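In: sequence and predicted structure, then a few things I'm wondering about:
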Amino acid sequence: MCGIVGYIGKRDVAPLLLEGLQRLEYRGYDSAGLAVSGKSGALKTVKAKGRVRELEAKLPKRFTGTTGIAHTRWATHGAPNDENAHPHLDADGQVAIVHNGIIDNAGELRAKLTADGVEFASETDSEVLAHLIGRSQAETLEEKVRQALRLVDGTYGIAVLHADFPDRIVVARNGSPVVLGIGEHEMFVSSDVAALVSHTRQVVTLDDGEMATLKADDYRTYTTEGSRTSASPTTVEWEAESYDMGGHDTYMHKEISEQADAVDRVLRGRIDDRFSTVHLGGLNLDAREARGVRRVKILGCGSAYHAGQIGAQMIEELARIPADAEPASEFRYRNAVVDPDTLYIAVSQSGETYDTLAAVQELKRKGARVLGVVNVVGSAIARETDGGVYVHAGPEVCVVSTKCFTNTAVAFALLALHLGRIRDLSVADGKRIIAGLRKLPEQIAEILGDEEQIAKLAAEYANAKSMMFVGRVRGYPVAREASLKLKEVSYVHAEAYPASELKHGPLALIEPDVPTVAIVPDDELLEKNRATLEEIKARSGRILAVAHQEQEKADHTIVVPRNEVELDPILMGIPLQLLAYHSALALGRDIDKPRNLAKSVTVE
């Protein structure tokens with residue numbers, strides 16, 4: 001979850017590292033630090049609990065050097081404080097490392113090092129690596145790092161400085177992203193392209209089990225066993241301006257407001273009017289193979305899982321293939337039966353979510369066909385899967401997902417239409433869905449135009465001690481995602497249930513101080529949903545409905561435009577993103593950086 005940035009070249013490194021950390025702060029923000037190598041090779045470090053601004057304030061005025069590494073942390077081992085902040089040094093202060101991931105056998109290694117007289121300065125698992133590298137008797141920094149990595153079990157993305165080798169940075173990856181940035185007589189490294197794009201758009205993404213040595217004028221990649229690898233740079237499609245706030249007060253607000261354009265991007269060039277279907281060239285799944293699919297299993301975590309639930313519903317309705325979604329974190333641990341006739345789909349905004357990536361790797365080991373639905377081109381899941389769909393949402397900096405969630409749901413609509421037209425979906429239904437897809441950007445803009453009204457409602461409901469979210473069938477994943485959004489960004493407790501389950505227990509919680517947000521589309525279940533509203537009102541519950549028309553039993557209704565019933569869930573989630581945003585604003589929350597959370601979850 002943490003952020004790494006490093007630089008080697010001719011420029012003063014500290015300002016570059018601070019800039020990179022600020023762009024990566026959404027990956028972790030409980031402490032930060034940097035290490036710089038001067039001309040003599042001596043290492044200087046500064047670390048601070050809190051945000052990058054605290055680190056910047058603590059930095060001495062004269063803190064120069066042309067090589068350095070830095071880190072912004074999301075705590076796993078040890079409390080957020082100066083001592084546990086990265087970089088970590090070895091006993092002699094000759095080695096500095098920054099580390100993302102978790103060393104599973106850190107306790108065992110720490111005990112052995114302590115028995116040998118090593119004194120630890122932190123509670124972290126990461127410090128073990130610094131001492132292992134520092135104690136190695138190998139002649140090169142590359143071999144010192146390689147020897148240390150042979151002793152550890154777990155995940156890592158690391159960058160290493162050594163006072164005896166001031167002309168290089170050595171990096172390595174296993175389960176946690178590492179990206180090299182290729183410049184003119186300078187090199188960069190980061191855990192995310194966000195820290196690189198203002199300096200270079202030429203990048204190399206390391207694979208698991210791969211290392212690299214960066215010098216000012218060149219780089220080389222190789223395996224942890226020492227074999228050379230060939231890694232050619234690719235061009236990042238996003239520009240530095242994509243990571244700016246663009247006049248908005250928060251990234252979350254900016255990204256909510258970008259959704260009409262983002263949905264237009266995911267549709268662009270993919271609709272095939274001639275055959276009433278879509279082009280998804282990256283699937284690598286021909287018509288015969290698609291017709292052989294007997295079941296679809298979608299795997300994701302958090303918002304990606306909820307988008308997968310919407311996708312499963314669409315696939316069942318349009319393609320008539322049994323489909324369901326499951327948290328990837330559960331799937332990878334339960335020794336699931338892997339069926340050769342099942343198509344597996346891994347969903348991840350970053351393409352680096354560790355639980356989802358581990359599930360993909362297990363499925364591939366068992367011979368399954370796995371597709372990816374991801375936002376980041378060239379990410380680990382994109383590379384590991386057999387094919388897939390990029391959602392083209394653009395960079396999403398706020399910790400909570402908004403535009404990427406929406407674009408992922410639209411990408412599933414495209415996939416469902418594609419599979420449906422290969423199978424039994426009629427031309428007429430294909431045309432109907434295409435017409436609905438084309439209306440989405442304009443309808444999203446219409447919903448966003450009602451932001452002032454939604455903000456007033458948010459202020460009215462923000463002080464609730466808890467909230468219930470309910471929906472049936474297509475509406476239930478919308479309720480789950482809306483509940484998650486409210487919890488993530490406002491810290492208001494919320495629960496989501498299928499509307500039909502409310503009377504099987506949760507109805508006991510209903511009272512005036514526990515309002516209910518009800519998803520009430522004009523579909524075949526409208527009267528069933530209205531009956532649920534009656535049940536809530538009979539128990540003095542307040543109701544905020546999200547519906548296609550005013551609901552008589554609701555205290556307030558957010559009216560959204562109609563689309564095709566299969567696509568309505570995409571639109572009904574938009575106002576609930578704004579509800580969560582304005583609730584958090586009314587409560588004075590740190591909207592882009594909610595407590596205890598980070599954007600890209602690359603640890604177990």
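Out: Okay, I see it.

In: can we go C-alpha only for contacts and neighbour counts from here?
Out: OK.

In: tell me which residues of the longest helix seen in the chain come out buried.
Out: The residue-count maximum for a helix in the chain (DSSP state H) belongs to helix 427-448. For helix 427-448, the neighbour count (16 or more other C-alpha atoms under 10 Å) marks 429-431, 433-434, 436-437, 440-441, 443-445, 447-448 as buried.

In: C-alpha coordinates for the following helix or strand past that helix, PDB please?
Out: Downstream of helix 427-448, the first helix or strand assigned by DSSP states H and E is helix 451-461. The C-alpha coordinates for helix 451-461 follow below in PDB (Å, rounded to 0.1, in the frame of the first residue of the first chain):
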ATOM      1  CA  GLU A 451     -25.400  18.100  -6.900                       C
ATOM      2  CA  GLU A 452     -26.700  21.100  -4.900                       C
ATOM      3  CA  GLN A 453     -29.900  19.200  -4.000                       C
ATOM      4  CA  ILE A 454     -28.000  16.100  -3.100                       C
ATOM      5  CA  ALA A 455     -25.600  18.200  -0.900                       C
ATOM      6  CA  LYS A 456     -28.600  19.500   1.000                       C
ATOM      7  CA  LEU A 457     -29.900  16.000   1.600                       C
ATOM      8  CA  ALA A 458     -26.400  14.900   2.700                       C
ATOM      9  CA  ALA A 459     -26.300  17.600   5.300                       C
ATOM     10  CA  GLU A 460     -29.700  16.500   6.600                       C
ATOM     11  CA  TYR A 461     -28.700  12.800   6.900                       C
END
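
In: just the buried residues of helix 427-448 now: which is nearest Ala508?
Out: Nearest to Ala508 out of the buried residues of helix 427-448 is Ile447 (C-alpha to C-alpha; 33.2 Å).

In: how much space separates the closest one from Gly420?
Out: Separation of Ile447 from Gly420 (C-alpha to C-alpha, to the nearest Å) stands at 29 Å.

In: going along the chain, name the strands of the stretch 151-300 of the chain.
Out: 156-162, 169-174, 179-182, 187-190, 202-205, 210-214, 219-223, 228-229, 234-235, 271-272, 277-278, 295-300 (DSSP state E, counting those that start in this stretch).

In: among those strands, which is nearest Ala518?
Out: strand 295-300 (24.7 Å).

In: can you list contacts of that closest one?
Out: 305-306, 308-309, 312, 321-329, 331, 341-348, 356 (C-alpha atoms under 8 Å, 6 or more residues apart in numbering).

In: which helix or strand lies directly C-terminal to it?
Out: In the C-terminal direction, the helix or strand that comes right after strand 295-300 (DSSP H and E) is helix 303-319.

In: beta partners of the spatially closest residue to Val170 that is not a sequence neighbour?
Out: Leaving aside its sequence neighbours, Val170 sits nearest to Thr213 (C-alpha to C-alpha, 6 or more residues apart in numbering; 4.6 Å). Beta bridges link Thr213 to Val170, Arg220, judged by DSSP bridges.

In: contacting residues around Thr213?
Out: With contact taken as C-alpha under 8 Å, 6+ apart, Thr213 is in contact with 142, 168-171, 219-221.

In: of all these, which comes closest to His199?
Out: Nearest to His199 out of the contacts of Thr213 is Tyr219 (C-alpha to C-alpha; 16.7 Å).

In: can you count the residues close to the closest one?
Out: Burial of Tyr219, expressed as a neighbour count using other C-alpha atoms under 10 Å, amounts to 18.

In: how near is it to Ala79?
Out: In terms of C-alpha to C-alpha, Tyr219 sits 36 Å off from Ala79.

In: equivalent analysis for Leu206, please.
Out: For Leu206, the distance to Ala79 equals 30 Å [C-alpha to C-alpha].

In: tell me which of these two has more neighbours.
Out: Leu206 (25 against 17).

In: list the contacts for Lys49?
Out: 30-32, 55, 80-82, 85.

In: quick one: list the elements packing against the lowest-mean-pLDDT helix or strand in the chain.
Out: Ranked by mean pLDDT, DSSP states H and E, the weakest helix or strand in the chain is strand 234-235, scoring a mean of 88. In terms of contacts (3 or more C-alpha pairs under 8 Å, 6 or more residues apart in numbering; DSSP states H and E), strand 234-235 is packed against strand 202-205.

In: contacts for the strand it packs on next, please.
Out: The contact list for strand 202-205 (C-alpha under 8 Å, 6+ apart) reads 177-183, 193, 231-236, 378-379.

In: filter these down to the buried ones.
Out: Buried by 16+ other C-alpha under 10 Å: 177-183, 193, 231, 236, 379, out of those.

In: can you redo the residues you listed as CSV with pLDDT and distance to Leu16?
Out: Output for the buried ones among the contacts of strand 202-205, formatted as CSV (pLDDT from 0 to 100; distance: C-alpha to C-alpha, whole Å):
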residue, pLDDT, distance to Leu16
Pro177, 89, 20
Val178, 93, 18
Val179, 93, 16
Leu180, 96, 15
Gly181, 95, 13
Ile182, 95, 15
Gly183, 93, 13
Val193, 87, 14
Ala231, 82, 25
Val236, 83, 19
Ser379, 87, 24
